[in-house]
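Chemist: Let's see this in three dimensions:
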Amino acid sequence: MVASISGIRGILNQDLFLSDIAMYVENFSVAQPSREFLVGRDTRPSGEIIERAVCGTLMAAGSEVLDYGVISTPALFRESKLRSAPAVMITASHNQPEWNGVKLVVNGRGVSQPELDQVLGRQKRKTGNASPGILTLRQESSYNRELIEMAGRGAGEGVAVAVDLNGGAAIPHAPPILEGIGCSLKVLGGSRGIFSRTVDPTSDSLELLTGAVKKEGLDAGFAFDCDGDRLVLIDNEGEKKTGDFMLALAVKKLLPNLKNRSVVVSVDTTRAIDDIVSQLGGTVYRSKVGEANVVSEMIKQGAVLGGEGSSGGLIDGSYNYCRDSMIAVVTLVKAIKKNGSRVFGEVPSYKQVRLKAHFERKKALAAIKRLQREYPEADLLDGIKLETSARSWVLIRVSGTEDAVRVSAESTTIGEAQELADSYLKRVEKLG
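Modeler: The predicted model follows:
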């Protein structure tokens, strides 16, 4: 089991049990003043049984539970923000289908580290609440309607796109929203719980989607992960773009409309963000990797926009304090309608390579500490980041969600980025 501000995750009945989930959810409920709790899940096979356990635990504590069933993480975050109510999203995000867990939400934002520490520790049960719990099933969200109204019906008219939903929680959102704004739509992977590729679209070749875009001459393609917060963009030529590219393009389109042009991105996000934001008179701030860390810095800096290039995640704080794939999709569709395929040439050219190696956590941390002593001038915000030239860098950090070390590198050519990533991964393996 892995527990971080990104979620509590594991493989059910191997290293994560229903009794564990019930304890964490009960601890979460104890810490919240609200009697109302929202619950949703993605489409993993174990999701329904965990959903029952979560709802039962909350009801036993006397809570009023609104169960949304299958819903994307951004949609549940939005409901949590609108209702000023805590929420439990049952998901393991981009992990493979055998994984599951819970992501805890407080009034539209993910829990902070101190709040997570409370959840992981033993808490006293609520007392003096004689009222029985109440369960409302299949609660409807306002997410689809809101996004259609924000974009405007017809905002995507004449734009032809394909979506690869991969059986995930984007199914009840992406098709109706895109059709609602007038797009011509081709749907792949529209059967809930049937996974035809790797859950994380950023690490999959997306051959079906890229092939569909090329074969049918579509304007773009979009691929989602299981809980519908991550996004990968396919351009009109069927080329898979990086999450960094997608984020940079979305920021370029949204930032000119804002008074506060501060942008917060994780430390492993492309330098293209700095180029774009500086051209628009703004300032870039960096945070540790992790959505909650980005959001915390956004609030601190008063920034509306933020995100993580590695996870293909755009955060628009005016609407949601989480990665929101459909905000990004709507933004990109509107840009394509206005400028056509020219939009895909608007992002400065950088190439990223991201490697992951399974590594015992203690050994990985020890290796990184040795590197930090060797390079005292390095950026130590999260792991160790080295500026290897004016237009290249490498970041080595321990994963917050699994026993692994992650090495990210960026340069102006894919060959240079690959060489950087490979060489530093070998160094970590040797030091560890």
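
Chemist: Now do the same contact list for the residue nearest to Gly180 when sequence neighbours are not counted.
Modeler: Leaving aside its chain neighbours, Gly180 sits nearest to Ile148 (3.9 Å; criterion: Cβ to Cβ, 6 or more residues apart in numbering). (Each C-beta comes from the backbone N, C-alpha and C, glycine too.) Shown in contact with Ile148 (Cβ atoms under 8 Å, 6 or more residues apart in numbering): 176-177, 180-181.

Chemist: Which secondary structure state is assigned to Ile148?
Modeler: In three-state terms, and counting by DSSP: H, G, I helix; E, B strand; the rest coil, Ile148 is helix.

Chemist: Could you measure from it over to Ile181?
Modeler: Plainly put, Ile148 is 6 Å away from Ile181 if you go by Cβ to Cβ, to the nearest Å.

Chemist: swap in Lys214?
Modeler: Taken as Cβ to Cβ, the span from Lys214 to Ile181 is 24 Å.

Chemist: more neighbours, these two?
Modeler: Ile181 (24 against 15; other Cβ atoms under 10 Å).

Chemist: Who does Leu233 form a beta bridge with?
Modeler: Beta-bridge partners for Leu233, by DSSP bridges, are Phe222.

Chemist: so what's it up against?
Modeler: For Leu233, the contacting residues are 220-222, 240-241, 245-246, 249, 312, 332, by Cβ under 8 Å, 6+ apart.

Chemist: go with 7 Å
Modeler: By Cβ atoms under 7 Å, 6 or more residues apart in numbering, the contact list for Leu233 reads 220, 222, 241, 245-246, 332.

Chemist: Let me see the mean pLDDT of stretch 232-243.
Modeler: Stretch 232-243 shows a mean pLDDT of 96.

Chemist: And for stretch 120-140?
Modeler: Stretch 120-140 shows a mean pLDDT of 76.

Chemist: do stretch 364-378 as well
Modeler: On average, stretch 364-378 scores 92.

Chemist: Could you list every helix and strand in contact with the helix or strand that contains Ser408?
Modeler: Applying DSSP states H and E as the criterion places Ser408 in strand 404-411. Judged by 3 or more Cβ pairs under 7 Å, 6 or more residues apart in numbering; DSSP states H and E, strand 404-411 is in contact with strand 351-358, strand 392-398, helix 414-431.

Chemist: tilt between that strand and strand 392-398?
Modeler: Angle between the axes of strand 404-411 and strand 392-398 is 170 degrees (criterion: axes from the mean of the first three to the mean of the last three Cα atoms, to 10 degrees).

Chemist: Quick one: neighbours of Val333, just the number.
Modeler: Val333: 24 neighbours (other Cβ under 10 Å).

Chemist: Spatially nearest residue to it (excluding sequence neighbours)?
Modeler: With Cβ to Cβ, 6+ apart, the residue lying closest to Val333 is Gly156, at 4.4 Å.

Chemist: Quickly find the element holding that neighbour.
Modeler: Per DSSP H and E, Gly156 falls between elements, in no helix or strand.

Chemist: Please enumerate the helices of this protein.
Modeler: Per DSSP state H, the chain carries helices over the ranges 18-31, 47-60, 73-83, 113-120, 143-151, 174-180, 207-216, 243-254, 272-279, 291-301, 325-339, 361-374, 414-431.

Chemist: looking at the ones you listed, which is closest to Ala3?
Modeler: Shortest distance between Ala3 and these, using Cβ to Cβ, is found for helix 113-120: 5.9 Å.

Chemist: List the buried residues for the closest one?
Modeler: 115-116, 119 (16 or more other Cβ atoms under 10 Å).
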